[in-house]
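Trainee: Give me the fold of what follows.
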Amino acid sequence: MISVNLPLRTKNPTNNREHWRTVHTRSKKERGTAYMLVKSKLNAAPLFYPPYIQIRLTRLSSGELDDDNLRAALKSVRDGVADAFGMDDAKNSKLKFEYAQEKCKRGAYCVRIEIE
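Mentor: Presented below is the predicted three-dimensional model:
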């Protein structure tokens, strides 16, 4: 099992009233950070991939999101993880994603990625 903590503060892009360029810049940063950290962990791990790969994305924050907003907030991270594997994150992909969230103290935030 591989575990990576990303120092990211994720926001739901669908409900925020932000300029499109601000949303795009944040998404690009989140995707790139997820790609670099997961890729560095994968390079250290063996190259054997099972028939499917279970990935759990956990958002740690003082606030809480409902299910569809949680998925939207972690979409860029999901894309970065798929990029690190060199695969698409489509429905019929070998990558199976789960979403979770945990409470933490205010001002402390993170995204935990667990790969089995």
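Trainee: For the residue most central in space within the chain, give me its contacts.
Mentor: Centroid check for the chain by CA atoms, centre = their mean gives residue 77 as the closest residue, at 2.9 Å. Residues near residue 77 by CB atoms under 8 Å, 6 or more residues apart in numbering: 6, 8, 10, 30, 31, 34, 57, 111, 113. C-beta coordinates here come from the backbone N, C-alpha and C atoms, glycine included.
Trainee: now the strands for this protein?
Mentor: In the chain, the strands defined using DSSP state E lie at 2-6, 53-61, 95-103, 110-115.
Trainee: elements contacting the first one?
Mentor: If I follow you right, that is strand 2-6. When contacts are defined as 3 or more CB pairs under 8 Å, 6 or more residues apart in numbering; DSSP states H and E, strand 2-6 packs onto helix 20-44, strand 110-115.
Trainee: Pairing partners for that strand, with directions?
Mentor: strand 110-115 (antiparallel) (DSSP bridges).
Trainee: for the second one, same thing?
Mentor: Based on DSSP bridges, the pairing partners of strand 53-61 within the sheet are strand 95-103 (parallel), strand 110-115 (antiparallel).
Trainee: Return the most buried member of those.
Mentor: strand 110-115 (a mean of 19; mean count of other CB atoms under 10 Å).
Trainee: any idea how far that strand is from the chain center?
Mentor: Here strand 110-115 is found 7 Å from its chain centre; the criterion is CA atoms, centre = their mean, to the nearest Å.
Trainee: CA atoms only: put it into PDB for me.
Mentor: The C-alpha coordinates for strand 110-115 follow below in PDB (Å, rounded to 0.1, in the frame of the first residue of the first chain):
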ATOM      1  CA  CYS A 110      -4.600  18.000   3.300                       C
ATOM      2  CA  VAL A 111      -5.600  15.400   0.700                       C
ATOM      3  CA  ARG A 112      -4.500  11.800   1.500                       C
ATOM      4  CA  ILE A 113      -4.100   9.400  -1.400                       C
ATOM      5  CA  GLU A 114      -4.000   5.700  -0.500                       C
ATOM      6  CA  ILE A 115      -3.200   3.200  -3.300                       C
END
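Trainee: for the record, mean pLDDT for it?
Mentor: Strand 110-115 carries an average pLDDT of 95.
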